[in-house]
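K.L.:
one predicted model, sequence on top.
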Amino acid sequence: MPLLRRDAMLRVLAAALALDITGSVANVLELLATHAAKEPTLAILDNLETPWHAEPVKTEEMLGQLAGIDGLRLVLTVRGETPRVSGGAATLDDVPRLQPDDAKELFVREARSSLATDPALPELLAALDGHPLSIVLMAAQTDGRHDLAGLARDWQTRRAAVLHQPDSPRKTL
């Protein structure tokens, strides 16, 4: 489930590190700082555009606070424009987008060849904008489906939530 607020983002990060999340934001930040001082920590904040679009200024402030914690390193994944993080940050170029034929080839390889001619496939691939990981995650959602019509309907209503795999050990922030 996407986190819509920066406070929730902070608390999920703290919970992933088995820290107490019941206190104030300042207390949780202090616990994170204490933890990172003892044990260098890498936090990957995936789909950051969700809380950032909901609360741009507050999310950027929170990122600045997190970036200022000694021993804590952040990796942020964002679709579209990149948030400003105070104190500067190194940025990497976007993951190269796949061309339509390559996107289809990846999807079919990860799903199954019988879906290669499904009428809903071009629309699904266009919505994923050539993003390789999204294509692989969408292909994983085809298990047990005879066609892509239902998956295309799910995409129209749930968007990126469709790509979440509930049995995955990965925690998405």
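P.N.:
Here it is on my side, so go on. Numbering: from 1, shown residues only.

K.L.:
just the helices in the protein please.
P.N.:
Taking DSSP state H to define them, one finds helices in the chain at 6-16, 25-38, 49-54, 56-67, 100-110, 121-127, 132-140, 149-158.

K.L.:
so which elements touch the shortest one?
P.N.:
Looking back up the chat, that one is helix 49-54. Using 3 or more Cβ pairs under 8 Å, 6 or more residues apart in numbering; DSSP states H and E as the contact definition, the elements that helix 49-54 packs against are helix 6-16, helix 56-67. To be clear about C-beta, it is placed using only N, CA and C from the backbone, and glycine gets the same treatment.

K.L.:
could you do the last one as well?
P.N.:
Other elements packing on helix 149-158 under the criterion 3+ Cβ pairs under 8 Å, 6+ apart are helix 121-127.

K.L.:
just to revisit the earlier point, deepest of the helices and strands packed on helix 49-54, which one?
P.N.:
Per-residue neighbour counts averaged over each of the helices and strands packed on helix 49-54 give the maximum for helix 6-16, namely a mean of 19 (mean count of other Cβ atoms under 10 Å).

K.L.:
how far does that helix sit from the chain's center?
P.N.:
For helix 6-16, the gap between its own C-alpha mean and the chain's C-alpha mean amounts to 14 Å (Cα atoms, centre = their mean, to the nearest Å).

K.L.:
stretch 19-36 too?
P.N.:
The chain centroid and the centroid of stretch 19-36 are separated by 23 Å, computed with Cα atoms, centre = their mean.

K.L.:
now do the contacts for residue 134.
P.N.:
The contact partners of residue 134, taken as Cβ atoms under 8 Å, 6 or more residues apart in numbering, are 128, 160, 163.

K.L.:
mind doing that once more with 7 Å?
P.N.:
Under the criterion of Cβ atoms under 7 Å, 6 or more residues apart in numbering, the contact partners of residue 134 comprise 128, 163.

K.L.:
per-residue pLDDT, it?
P.N.:
At residue 134, the model reports a pLDDT of 87.

K.L.:
hang on, the earlier thing: of the helices of the chain, which approaches residue 94 most closely?
P.N.:
Taking Cβ to Cβ as the criterion, helix 132-140 is the member of the helices of the chain that comes nearest to residue 94, at 11.3 Å.

K.L.:
tell me the buried residues in that closest one?
P.N.:
Using 16 or more other Cβ atoms under 10 Å as the test for burial, helix 132-140 gives 134-139.
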